[in-house]
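Undergrad: Predicted model, plus sequence, below.
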Amino acid sequence: MPDAAASEAILSDTLLCEIEGRIATVTLKRPQVLNALNAQVFDDLEYVFTYLAKDASVRVILLTGSGEKAFAAGADIKELAEIGRFQAQALSRRGQRIFRLIETCDTPVIALINGFALGGGCELALACTLRIAADTAKLGLPEARLGLIPGYGGTQRLPRLIGPSAALKMMLTGERISAAEALRLGLVDEVVPAADLLAHGRELAAAILSMAPLAVTACLEAVSKGVDRDLEDALRLESRIFGRLAATEDKSEGVQAFLEKRVPTWAGR
């Protein structure tokens, strides 16, 4: 994949990454196969998210699919048809590693689910910080229809998000649920008209950009590192992060701006 030209765009056969100001928009570009996830998509996702993680100017990442039909309609079935036990295990571990790269990114990643998010596509959305769905979106984990289970983290992230029973119902039946049902379950955070999805994502990104950058990163750190800890241990982690932020220029600026009733100017220090 070529490097970005003037930090404005990264283009490959399977995705496009556009950087405008402090917002990066990553778009899967295989609409002819509903943006299915094949080996090349994983290569390109790894490249782009590694690149964005090193770009301190990027403070929010939007992730979506091209076309009106799909965010990502799962794994490429043709690839799955030709793999055996050990290849499948390696494929699963690689997908988990790349989705974990997205999940643990210091920058908020917002999934804009513009259509089908099935199988690996749903798992990709689960790895994002927030999920906004178009009112036309459909989500599901239908792997059992293929004699498989979700292999990119879906069996672990979905129960943590919506509870074991609701997650198992989706996996055991393979049903595709509507955006409205996904919102009811807590699988997505908001549902908006399809025509407004990208604009709403940018509005949400702008709201995040108005916050202190170190505090945003610290919120991500506190939740990702604390959510699976014993509560007392997690609270100690929270206190350490709180104390660390109290010694920053941004904390002083934020408090002073509040007292002076003005918009803060963040230094990121």
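TA: Arrived safely.

Undergrad: so who does L124 touch?
TA: For L124, the contacting residues are 37, 63, 71-72, 99, 102, 111, 117, 152, taking CB atoms under 8 Å, 6 or more residues apart in numbering as the criterion. The C-beta positions use only the backbone N, C-alpha and C, and glycine is treated the same way.

Undergrad: Tell me how many other residues crowd the closest residue to P193 other than its chain neighbours.
TA: Among residues not flanking P193 along the chain, D135 sits closest, at 5.6 Å (CB to CB, 6 or more residues apart in numbering). Burial measure for D135: 15 neighbouring residues, criterion other CB atoms under 10 Å.

Undergrad: and the gap between D135 and I241?
TA: The spacing between D135 and I241, counted by CB to CB, to the nearest Å, is 37 Å.

Undergrad: try A9
TA: Using CB to CB, A9 is found at 35 Å from I241.

Undergrad: and the two? which has more neighbours close in?
TA: When neighbours are counted by other CB under 10 Å, I241 comes out ahead of the other of A9 and I241, with 18 against 15.

Undergrad: so how far is V227 from the more buried one?
TA: 14 Å.

Undergrad: By neighbours, which of the contacts of L124 wins?
TA: Taking other CB under 10 Å to define a neighbour, the member of these with the most is A117, carrying 33 neighbours.

Undergrad: The helix or strand harbouring that residue pairs with which strands?
TA: A117 belongs to strand 116-118 when assigned by DSSP states H and E. With DSSP bridges as the test, strand 116-118 is paired with strand 70-72 (parallel), strand 138-140 (parallel).

Undergrad: Could I get the average pLDDT for that strand?
TA: Within the predicted structure, the mean pLDDT of strand 116-118 is 97.
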